[in-house]
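A.B. asks: Build me a structure from this.
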Amino acid sequence: MAYSTLQEIAYGAQEAFRVAVPHQKDRIPMTRHTGWIPLVCYFPFIFLAFLARRQDTYLIRLLLLPSVIALILVAAYRFTWTQPELNVYNWGQCLFAAVAIAKALEFALHPEGMLKIGEIRPGVVKGKGRGTQNGYTNGSAHGNRHTSANGLEMQDEGLHAWWYDAFELAHTMRGLKWKFGQGVHIPPPDRPQDRGGFIRATLLSFIRNFLLLDFLESLVKLFPGVGSPVGGSMFYSQLSIPLRYIVSTTIHILTGSALLAGFGMVYDLITLVAVVFFNSSLRSWPPVMDNPWISESMHEFWAKRWHQLLRQTFLAGWIAGSWGMVFGTFLASGLFHECAMYAMNRGYDHSATMFFAAQGPVLVFERLWRRATGKRVGGWIGRSWVYFIMFIAAQPMVNAWHRRGLGGGMVIPPWLSPFRIFILPMLQYLVDTLRS
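C.D. replies: Residues are numbered from 1 along each chain as shown. Below you'll find the predicted structure:
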């Protein structure tokens, strides 16, 4: 049977795709013998970030981009965690890969490279970079600057300074000190700004978030099905409708609270490592959240209160203006959460995609409300509106995650869990004593 040229191209593209993203049966188990390979696959990504901080590298960055993307896909999808309780790690590594690919596209497609605030070319500053929108001034943390004959400030060419910039650029989420981070909302400091006080407060916050996450994760695992690595629905059909939704809402709130505690715990840990071991500036580590519980509109929630870590990753304003940015950002965010689930081999469920895509119309509604009434959405009505969307309308999304094993994934190992080591056995002993 003869194939057309188009069919042959499509077949070749599919085969090439399956080299990087194979079927589940063809994936390589993650072990201590293979775990180093995905890490090595990210080296070209770091090199691309390095080139984005060097002048006149546009062409080589474009040429390197396909290889970088292919290796990131290999790292995320060709290697898999096979233990059922670790399956959720496959989701995590694919979420990380999606962020890395978005960053790689930025690094490669900006002709001038990635600039810090106040720079006109990588390492070249004109003026002092004042008037920054996010309150962070420009400057090289490692390396000195000198003034050239034409009045431009030039960064010294020490490789350590460029590599430091490359690592910072590859890992920064909010873009503090970078042009792409201008306009990002930065929550006010909530910790002492002297080094000793900051470290103590961050350590206490880490311990608090760790204990809270342990408590919430342990509670979620007590629910049948939901707490299993295989997964199960949080809508228990054997219960009456009122009780069914009371239980599902409880699981939903526990899950959301656990995600918030996990965000805080990981961010605190990274902050401690950066400040204690790498002498990072305290101002580089503002709060990751701005108290989302007190949001009085969905606009306030998404633009200010919720984390802004991936704001630039999902901006798509170049597609169709400001409204294209709104709708494209949320659609991309939904696909970001859902497509990573493919690595868990539990099929697709686009509840997350639909929930995030619906946020565009929600924000349009809030804009129309303001035009019609002359008032912003706010007050107790606005907060009730936010709680309805996040606690009720978002339940199908969280249920889709639990049905595929999110709640049964191991976040805190049992041997490291104070709740499961001490509290649960004590409660079990108390229950057995009361029964006897």
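A.B. asks: Just the strands from the stretch 1-150 of the chain, written as ranges.
C.D. replies: 28-29, 79-80, 119-121, 124-125, 145-147 (DSSP state E, counting those that start in this stretch).
A.B. asks: Then the stretch 151-300 of the chain?
C.D. replies: Using DSSP E, counting those that start in this stretch, the strands of the stretch 151-300 of the chain run over residues 153-155.
A.B. asks: Can you pull out the low-pLDDT segments for it?
C.D. replies: Applying pLDDT under 70 to the stretch 151-300 of the chain picks out residues 151-159.
A.B. asks: wait, doesn't Gly360 sit right on Met325?
C.D. replies: No - judged on Cβ atoms under 8 Å, Gly360 makes no contact with Met325 at a distance of 9.7 Å. For every residue, glycine as well, the C-beta is placed using N, CA and C.
A.B. asks: ok, so what distance separates Arg383 from Lys304?
C.D. replies: As for Arg383, its distance to Lys304 is 14 Å (criterion: Cβ to Cβ, to the nearest Å).
A.B. asks: and if you look at Pro414?
C.D. replies: 38 Å.
A.B. asks: Tell me, how many residues neighbour Ile251?
C.D. replies: Neighbours of Ile251 under the rule other Cβ atoms under 10 Å: 23.
A.B. asks: quick one: it and Gly92, what's the gap?
C.D. replies: Distance from Ile251 to Gly92, counting by Cβ to Cβ: 21 Å.
A.B. asks: Please measure how far the first residue of stretch 343-352 sits from its last one.
C.D. replies: 16 Å (Cα to Cα, to the nearest Å).
A.B. asks: same thing with stretch 44-58?
C.D. replies: 15 Å.
A.B. asks: Tell me how this protein divides into domains.
C.D. replies: 13-109, 119-181, 195-423 (automatic domain parsing).
A.B. asks: how far is the longest helix that the chain contains from where the chain is centred?
C.D. replies: Longest helix of the chain, by residue count under DSSP state H: helix 241-278. Its chain's C-alpha centre and that of helix 241-278 lie 13 Å apart, by Cα atoms, centre = their mean, to the nearest Å.
A.B. asks: buried set for that helix?
C.D. replies: 245, 247-248, 251-252, 254-258, 260-265, 267-268, 271-272, 274-275 (16 or more other Cβ atoms under 10 Å).
A.B. asks: Equivalent analysis for stretch 338-348, please.
C.D. replies: For stretch 338-348, using 16+ other Cβ under 10 Å, the buried residues are Glu338, Cys339, Ala340, Met341, Tyr342, Ala343, Met344, Arg346.
A.B. asks: isn't the first one right up against Thr353?
C.D. replies: In this case it means Glu338. Yes - if you go by Cβ under 8 Å, Glu338 and Thr353 touch, sitting 5.0 Å apart.
A.B. asks: all helices for the stretch 51-200 of the chain, in order.
C.D. replies: Using DSSP state H, counting those that start in this stretch, the helices of the stretch 51-200 of the chain run over residues 58-73, 87-109, 159-171, 195-220.
A.B. asks: can you put these in TSV and add distance to Arg121?
C.D. replies: Converted to TSV, those look like this (distance: least, Cβ to Cβ, whole Å):
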stretch	distance to Arg121
helix 58-73	12
helix 87-109	15
helix 159-171	13
helix 195-220	34
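A.B. asks: on that earlier part again, would you list the domains of the chain in TSV and tack on distance to Thr433?
C.D. replies: TSV is the format used below for the domains of the chain (distance: least, Cβ to Cβ, whole Å):
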stretch	distance to Thr433
domain 13-109	31
domain 119-181	49
domain 195-423	16
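A.B. asks: Compare the ones you listed and report which one is nearest to Pro188.
C.D. replies: domain 195-423 (7.6 Å; Cβ to Cβ).
A.B. asks: Pull up the distance across that closest one, start to finish.
C.D. replies: Domain 195-423 end-to-end distance (Cα to Cα) = 35 Å.
A.B. asks: what about Ser333, distance to Phe327?
C.D. replies: Ser333 is 11 Å from Phe327, by Cβ to Cβ.
A.B. asks: nearest spatial neighbour of Leu282, skipping sequence neighbours?
C.D. replies: Phe198 (5.1 Å; Cβ to Cβ, 6 or more residues apart in numbering).
A.B. asks: From Val275, how far off is that neighbour?
C.D. replies: In terms of Cβ to Cβ, Phe198 sits 7 Å off from Val275.
A.B. asks: which neighbours do these two share?
C.D. replies: Shared contacts of Phe198 and Val275 (Cβ atoms under 8 Å, 6 or more residues apart in numbering): Leu282.
A.B. asks: can you tell me which of the buried residues of stretch 338-348 are in helices?
C.D. replies: Glu338, Cys339.
A.B. asks: Now the two most distant members of the buried residues of stretch 338-348.
C.D. replies: Maximum pairwise distance among the buried residues of stretch 338-348 (Cβ to Cβ): 12.8 Å, between Cys339 and Arg346.
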